[in-house]
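Make a model of this:
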Amino acid sequence: MSAQLHSVVVHPDTESARRLRRASNPDAGIVVAAVPPDMRRSYELTWELLVGMGKMPDVAGAGRREDLNWEVLAAWIGAHRIEHLVLVDTQWIGPKFLGDIVGLAAVTGVDLWLVAQQPLDDGYVVALSGWPVIEGPADELARLVAAALQMSETYVVPDFPAVPADNYPTFRAEARRVLSGSEFDQVDATYRAAFSAAAASFAQLVEGPGITEDRVLYEIRHQLHRCGTAEEMVVCVRGCQAAAHRAGWLVSAVLPRLVVTSEMASRAAVHAPSTWKRLRAYREPYRGAACALAALDLSIQTISGVRIADVSGSGQELEVPMAGELVHLEVPAGADLYLRAQVAHRLIQGAVPDELLFATEEGPMASKHLADAIRAPITEVGVPLYSQTLERVELDAKRWALRWGLSVQEL
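The predicted structure follows:
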């Protein structure tokens, strides 16, 4: 991927120029920032670009290192898959700063649009003359802006029906009786998916090492990671109970404890796109990445041990060792952005795939910093993500089952 440098000159105070400033939309692959007048240091420009990506300078900002901005900018551009950087009021940019931003575009492979207002200073024209500039493709820029402005960022939380409290032998029949046709279809699809996945897993275990209490609990835990509401969790547990019974195991569930624990763990927040949008306020990728792994119910100890190579290229999946086995996990939708950004940042810092995901040039990141990154969003950006239930070490199967109101025994 190669960068292109575009120059567009507009008349001052036009409606198009004002509209352009509102078009920054990382989800559409475009970031718009204004060059500050009388800019003296490059970090002023980097903050304009970061703000265009949704970062907030006053969030977790005490004692920040401004020299990190160029690193994290490159990481976020790659993670967001940005294709276009648009700088407004570039008539104010000096030759040195122009070289910095062109270098960023070259490294990241984005198209750089320099939008200047007339009249132009001679120094700006001279500075541009040293670069391979494509003059005046205003129509293409207008098309990009229109597409960015049209993208909707609204999200409607899907409703999941309230389900009966019947135990698994009669649960599905009672749900059919009390729910409307569309509601039952939604519940039944969730039930069948959980039942089928658990039954297939238990069948493989019978053919292999055999089913154990821990393996039954692991399957239920895996299913619960996919749920966004307490009602959906109840349905998944009922499906797993039915599959386990067929495999010769009895799973008991205390629904009040299950519901309370699911609320403490903020499952709705884990699966809400607004959660991952709000976390974009943080400049440093490790903060959102730590929250992404906490959303998978992982302890600080496990999170600290994740390597760069454990994260898939898309950021949507990872493998972590748990209970002596390598476990494959799916990251909630929207959280993958932060894992991609953290991987990119670590690689920019010179790390190799076998090194830790959460580390700096000085060494592994302290557990306290990771814990703070997971707890802080509840007060800083309004994301109630695991602020109270964060575990330092991984819960064993029995402790986890006790917390969630589950017990298992062989029939």
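
What's the separation between residue 411 and residue 211?
Distance from residue 411 to residue 211, counting by Cβ to Cβ, to the nearest Å: 11 Å. Quick note: C-beta positions are derived from backbone N, CA and C, even for glycine.

Tell me if I'm right that residue 20 and residue 87 touch.
No. Assessed by Cβ atoms under 8 Å, residue 20 is found out of contact with residue 87, at 10.4 Å.

Now do the shared contacts for the two.
Residues within reach of residue 20 and of residue 87 at once, by Cβ atoms under 8 Å, 6 or more residues apart in numbering, are 32, 115.

show me where the stretch 201-350 of the chain has strands.
Under the criterion DSSP state E, counting those that start in this stretch, strands of the stretch 201-350 of the chain are mapped to 249-253, 317-322, 325-330.

mind checking which of those strands is nearest residue 117?
Between residue 117 and those, the shortest gap by Cβ to Cβ is with strand 317-322, which sits at 46.2 Å.

Flag every buried residue along stretch 403-411.
403, 404, 405, 406, 408 (16 or more other Cβ atoms under 10 Å).

again with stretch 272-283
So for stretch 272-283, counting by 16+ other Cβ under 10 Å, buried means 272, 275, 276, 277, 278, 279, 280, 281, 282, 283.

again, but for stretch 111-120
The neighbour-count check on stretch 111-120 (16+ other Cβ under 10 Å) flags 111, 112, 113, 114, 115, 116, 117 as buried.

Quick one: residues contacting the closest residue to the third one other than its chain neighbours.
Nearest residue to residue 113, sequence neighbours excluded (Cβ to Cβ, 6 or more residues apart in numbering): residue 86, at 4.3 Å. With contact set as Cβ under 8 Å, 6+ apart, residue 86 has these partners: 20, 23, 24, 30, 31, 32, 33, 113, 115, 141.

is the fourth one in a bridge, and if so with what?
Same thing as residue 30. Beta-bridge partners of residue 30, counted by DSSP bridges, are residue 25, residue 84.

thinking it is in contact with residue 148, fair?
Yes. Judged on Cβ under 8 Å, residue 30 makes contact with residue 148 at a distance of 4.8 Å.

Looking at these two, which one has more neighbours?
Using other Cβ atoms under 10 Å as the criterion, residue 30 and residue 148 rank with residue 30 on top: 26 against 22.

sorry, back to before: can you tell me which of the contacts of residue 86 are in strands?
30, 31, 32, 33, 113, 115 (DSSP state E).

and stretch 80-94, average pLDDT?
Average pLDDT, stretch 80-94: 89.

and it, how far out from the chain's middle?
25 Å (Cα atoms, centre = their mean, to the nearest Å).

go on, stretch 251-263?
27 Å.

Tell me the buried residues in that stretch?
Buried-residue list, stretch 251-263, by 16+ other Cβ under 10 Å: 251, 253, 255, 258, 259, 261, 262.

How many residues are close by the residue nearest to residue 100 when sequence neighbours are not counted?
Of all residues not flanking residue 100 in the chain, residue 42 sits nearest, at 5.3 Å (Cβ to Cβ, 6+ apart). When neighbours are counted by other Cβ under 10 Å, residue 42 registers 17.

what do you get for residue 66?
Using other Cβ under 10 Å: residue 66 sits among 12 other residues.

how about the nearest residue to it once chain neighbours are set aside, what does it touch?
Distance criterion Cβ to Cβ, 6+ apart; nearest residue to residue 66, sequence neighbours excluded, is residue 43 at 4.0 Å. Residue 43 sits next to 66, 67, 69 when contact means Cβ under 8 Å, 6+ apart.

hmm, back to that, mind checking which of the buried residues of stretch 403-411 are in strands?
Counting by DSSP E, the buried residues of stretch 403-411 place 406, 408 in strands.

quick one on the thing from earlier: so which of the contacts of residue 43 sit within helices?
Per DSSP state H, helices hold the following members of these: residue 69.

which among the contacts of residue 43 gets closest to residue 243?
Of the contacts of residue 43, the one sitting nearest to residue 243 (Cβ to Cβ) turns out to be residue 69, at 50.9 Å.
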